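1. What follows is a protein structure lacking sequence information:
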């Protein structure tokens, strides 16, 4: 490992340094699966590390449902509510207050995605509310925000947008594309859509297709937002009202699905919010877990756009490699993959269970493709991909070291 | 077994016959845990079978969150939406359309709760919306429905109400008290509160205290209702608006927690609602599981009162035998129990997991009390208590046959 000199010089050893989100407008419309072309499209992104002269050390990191481009380092202008606070249910180390990126534990000098070696890019995904074009962007046809007139998007559309964005930067190949949850879906979609442009895939706590229970949670979250009268058919921008009530419920549902039942036992048990006794109230929290949920809902609605939640939730529900690319067969869908693949799953993750990653691993293995599949025994549920840095790091570093690039 | 002559004569072998819900007003106020006295209190109930001259063959059946007094038989006046359709997620055999009670498979001549032998009573619980006094009842202080002024109630309050109700009927002892889920909580509460008046307890898919994840689902459901502007602080009666949107979401959350993930895989998979292809829509269901959830939400709001949902959800979250009766110790809480106990749990029930019943069984065993604990391997989740009649029946019949009564 080379010495992370510039970072140390900045007095922040171990972090990717101070970063600022940047913006880039795509020169061409993005063709979408739904049949529409989207234009203009702006992409918000951050980069960590240094691009090699050969431009062959690029890792694209893809974020999950509620994330954004601020994956690592210290935000130059910290937002009031850090993304990390609301990303997954992970808030264990107070990173929120420090303005650190949502995967700061994984991206930086000497970390899993080592910025001494790699040039790491994270873009806010298409449909997002973190600077990339999404439902809250201005519709050129009306001069007002798209709202529910934004076209329905897919994970493939997100990947096409990333491809077009990298074209502008002059980056043809990716040493790796990586992500957790929906981020892992994007990584796998890359390997299928652009097989000759991806050397390695790291898909963590992810799946080739969400299972019906996960689809149900997402449907409930979306319905909760759309049933809120303040949603106003999706055209709430500028009305002074937003579907905060419904999105708060959506977020609470999400939170519980990101954690495991034993993690909730450990974290809250049945402890009362007030030590003395029951207060016999319907409207106020009585138990710590109830208070926690309300807090999480409250902080989330301050930083996230409800329509983005709807569109991205829809996209991750649609995602189905076998249906999209294999006529129903996962093996056929993965036939063209040329990248080496690392799949990591967590034993207690019931939203993106190990079984889903195992199915991808088996299909790749059957095809004779290079694939590694690791299940980490850890109790925190889906949120492990944000929390279990110590155990993921050696797996990812070793996997990436096998590549010839960087 | 004696011949169920009258039933056969009515042309309905195997059912408890045609039944009609009856109503009874309690002569005294019911003292509540919150410190208030509730008066007047009306109790809606149904009975199946014949009361013995000694009044010693009574089984009280307690219903769960969304149930009512119509536990068995054919309703004389079938409601538009049968309780069975919306009770749990169980709708497999079209019982709904026939107006059959929610536990018709378990109560009747020759069934688990054999009406040839026992006089089975089911009351709508305190706080309910099926005829027993609840938030939609008239508050004598104002002449208008209580709404959110209804006192906060507990499972112990439900049991006190049942005790007072049985006093009026002249029934001192119960040969058994039985129920699933919240019904099982009531059954256990009976054994603790009135140890010398209960011979046997049958608690199915239940717990001595809901675990934090279950508490969270309930908190989310309540918040969803209360965040709906149509809830109007709980005083929506007579306004022409009700929090159907929020309660629909609450019901959808409930449904998914009542089923297991594998059951959803089997039932829906990722099948599209329309066979052709994606329609690229945010607002409409695309997958069968999405359509199913909306249907369930829609039928539930037609038959159930949102405030009852809030109050009963609150009560079942409060329920905690160890805290209420044992200073934090489950063993101490159960010290006075004199009843024989049968606990049944289902392997795939993640809302009321076998572990919870096992803890009760262990505590009773440690105390030298007679207890049987059975775990049924079945894939349908919490709803098994409504579906797995064939396997529960011999266990319950054998257990009840050991008693000296009836």
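-> Arrived safely. Remember, predicted model here, so these are calculated numbers, not experimental data.
2. The helix or strand containing residue A:299 close to chain B?
-> Counting by DSSP states H and E, the element that carries residue A:299 is helix A:288-303. Yes: contact between helix A:288-303 and chain B, assessed by C-beta under 8 Å from any C-beta of the partner chain, occurs at A:289-290, A:293-294, A:297. Quick note: C-beta positions are derived from backbone N, CA and C, even for glycine.
3. So what's the gap between that helix and the chain middle?
-> Distance of helix A:288-303 from the chain centroid (C-alpha atoms, centre = their mean, to the nearest Å) equals 20 Å.
4. what packs against that helix?
-> In terms of contacts (3 or more C-beta pairs under 8 Å, 6 or more residues apart in numbering or on different chains; DSSP states H and E), helix A:288-303 is packed against helix A:83-86, helix A:244-258, helix A:261-267, helix B:212-227.
5. ok, residue A:188 to residue B:212 distance?
-> In this view, residue A:188 and residue B:212 are 33 Å apart by C-beta to C-beta, to the nearest Å.
6. let me redo that: residue A:340
-> Taken as C-beta to C-beta, the span from residue A:340 to residue B:212 is 40 Å.
7. Over to residue A:291?
-> 12 Å.
8. Show me which of these two is the more surrounded one.
-> residue B:212 (27 against 18; other C-beta atoms under 10 Å in any protein chain shown).
9. residue contacts, the more buried one?
-> For residue B:212, the contacting residues are A:261, A:264-265, A:267-270, A:287, A:289, by C-beta atoms under 8 Å, 6 or more residues apart in numbering or on different chains.
10. what's the pLDDT at it?
-> pLDDT, residue B:212: 98.
11. picking that back up, among the residues of helix A:288-303 next to chain B, which one lies nearest to residue B:129?
-> Comparing these against residue B:129 with C-beta to C-beta picks out residue A:290 as the nearest, at 23.6 Å.
12. And for the closest one, the neighbour number?
-> Using other C-beta under 10 Å: residue A:290 sits among 24 other residues.
13. which non-adjacent residue is nearest it?
-> residue B:219 (4.4 Å; C-beta to C-beta, 6 or more residues apart in numbering or on different chains).
14. so that neighbour touches residue A:291, yeah?
-> No: applying C-beta atoms under 8 Å, one finds residue B:219 not in contact with residue A:291, separated by 9.2 Å.
15. Mutual contacts of those two, please.
-> The contact lists of residue B:219 and residue A:291 share residue A:285, where a contact means C-beta under 8 Å, 6+ apart.
16. Please name the residues that touch residue A:261.
-> B:211-213, B:350.
17. ditto for residue A:42
-> A:23-26, A:131-133, A:137.
18. do that again at 10 Å, thanks
-> Going by C-beta atoms under 10 Å, 6 or more residues apart in numbering or on different chains, residue A:42 touches A:23-26, A:124, A:131-134, A:137, A:165.
19. In which helix or strand does the residue most central in space within chain A reside?
-> The C-alpha lying nearest the average C-alpha coordinate of chain A belongs to residue A:64 (C-alpha atoms, centre = their mean; 1.5 Å). For residue A:64, there is no host helix or strand (DSSP H and E).
20. Kindly report the same for residue A:396.
-> helix A:389-401.
21. any idea how far the residue nearest to residue A:106 when sequence neighbours are not counted is from residue A:394?
-> Spatially, and ignoring its direct neighbours in sequence, residue A:106 is nearest to residue A:112 (4.5 Å; C-beta to C-beta, 6+ apart). Distance, residue A:112 to residue A:394, using C-beta to C-beta: 8 Å.
22. Same check on residue A:73?
-> For residue A:73 relative to residue A:394 (C-beta to C-beta), the value is 22 Å.
23. Can you check the pLDDT for residue A:86?
-> 38.
24. scratch that, residue A:3 is what I was asking about
-> We have a pLDDT of 39 for residue A:3.
25. Repeat that for residue A:333.
-> 98.
26. That one: neighbouring residues, count only.
-> 23.
27. residue contacts, it?
-> Contacts of residue A:333 by C-beta under 10 Å, 6+ apart are A:188, A:192, A:208-209, A:320-327, A:360, A:363.
28. Could you export these as CSV, including neighbour count and secondary structure?
-> Formatted as CSV, the contacts of residue A:333 follow (neighbours: other C-beta atoms under 10 Å in any protein chain shown; DSSP: H, G, I helix; E, B strand; the rest coil):
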residue, neighbour count, secondary structure
A:188, 28, helix
A:192, 22, helix
A:208, 26, coil
A:209, 23, strand
A:320, 21, strand
A:321, 24, helix
A:322, 19, helix
A:323, 19, helix
A:324, 20, helix
A:325, 19, helix
A:326, 18, coil
A:327, 9, coil
A:360, 27, helix
A:363, 23, helix
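29. Out of these, just show me the ones up against chain B, please.
-> For chain B, the contacts drawn from the contacts of residue A:333 by C-beta under 10 Å from any C-beta of the partner chain are A:209, A:320, A:322-324.
30. Any chance of JSON lines for these, columns pLDDT?
-> Below are the ones next to chain B among the contacts of residue A:333 laid out as JSON lines (pLDDT from 0 to 100):
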{"residue": "A:209", "pLDDT": "98"}
{"residue": "A:320", "pLDDT": "98"}
{"residue": "A:322", "pLDDT": "98"}
{"residue": "A:323", "pLDDT": "96"}
{"residue": "A:324", "pLDDT": "96"}
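31. tell me the two of those residues that are most distant?
-> A:209 and A:324 (9.2 Å).
32. Tell me the residues that contact both of those two, please.
-> With C-beta under 10 Å, 6+ apart, residue A:209 and residue A:324 have common neighbours A:318, A:333.
33. Would you agree residue A:46 is in contact with residue A:74?
-> No: in this structure, residue A:46 is not within contact of residue A:74 by C-beta atoms under 10 Å, at 11.3 Å.
34. tell me, what's touching the two both at once?
-> What both residue A:46 and residue A:74 touch, as defined by C-beta under 10 Å, 6+ apart, is the set A:16, A:19, A:101.
35. Considering these, which possesses the most neighbours?
-> residue A:101 (31 neighbours).
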